[in-house]
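Engineer: Provided below for reference: sequence and predicted model.
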Amino acid sequence: MNLPLDFNSAEPWTRIVKIALTIAAVYAIAVVGLFGKGNFLGGAVLLVFGLAFYAVLRRARRVSMGAAGRLTASAVTVYPVRVWGFSLNVPSGEFSLDRFSAVGLAERIVVVRPASLPRNTGSVQLLGRPGTPNIEVMIDDIDTARGFAEELSATLHLELTSVAVPGQTIRRYTV
């Protein structure tokens, strides 16, 4: 593996946030339009559902949204990520490699359709010691992520460990 390595595991989250903000803008225009036409009941109903959507979005902000930065032989520098003026929940700062205990590999099983085969996704992270955040370096299919994690672990001389994914359950569907 060649260092320095530029990474951006926050890219999928930037797309998700752009979609959510676009939906919110269209929704706000619809609410204002209904109130402007004098349809107060319809505007009030949409406003209540919009507030519920906002509450869900506020909870989603607590989820770690990847990271963007540069990994060198001695440190990791991560940058804040903003989408249309809104900050994503990503770590930022510069951290020396001795502040990390291991390279972690988290495996998620995603079922696309009930009749399809599960698609395994892997997330490679630098696991921080107490006081240092975990930094997600890449996310891809599990085979690519596993190979990358092994190579990163060897390059940085850090142990490779499996990371538990909180709340992950595997559902089996029968058709």
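Structural biologist: Looks like it arrived, so ask away.

Engineer: what's near enough to touch the closest residue in space to Met138 that isn't next to it in sequence?
Structural biologist: Closest residue to Met138 in three dimensions, ignoring its sequence neighbours and counting by Cβ to Cβ, 6 or more residues apart in numbering: Val124, at 4.9 Å. Backbone N, C-alpha and C define where each C-beta goes, glycine included. Residues near Val124 by Cβ atoms under 8 Å, 6 or more residues apart in numbering: 103-105, 136-139, 145, 148-149, 152.

Engineer: go again using 6 Å as the cut-off
Structural biologist: 105, 137-138, 145, 148-149 (Cβ atoms under 6 Å, 6 or more residues apart in numbering).

Engineer: list just the nearest of these to Asn120.
Structural biologist: Nearest to Asn120 out of the contacts of Val124 is Ala145 (Cβ to Cβ; 8.9 Å).

Engineer: for whichever strand or helix holds Ala149, output the C-alpha coordinates as CSV.
Structural biologist: Ala149 is part of helix 142-156 when elements are defined by DSSP states H and E. Extracted in CSV, the C-alpha atoms of helix 142-156 (Å, rounded to 0.1, in the frame of the first residue of the first chain):
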residue,chain,number,x,y,z
ILE,A,142,-16.7,-7.3,1.9
ASP,A,143,-14.1,-9.0,-0.2
THR,A,144,-12.5,-5.7,-1.3
ALA,A,145,-12.8,-4.3,2.2
ARG,A,146,-11.1,-7.4,3.7
GLY,A,147,-8.2,-7.2,1.3
PHE,A,148,-7.8,-3.5,2.0
ALA,A,149,-8.0,-4.0,5.7
GLU,A,150,-5.3,-6.7,5.7
GLU,A,151,-3.0,-4.5,3.6
LEU,A,152,-3.6,-1.5,5.8
SER,A,153,-3.0,-3.5,8.9
ALA,A,154,0.3,-4.7,7.6
THR,A,155,1.4,-1.3,6.3
LEU,A,156,0.6,0.5,9.6
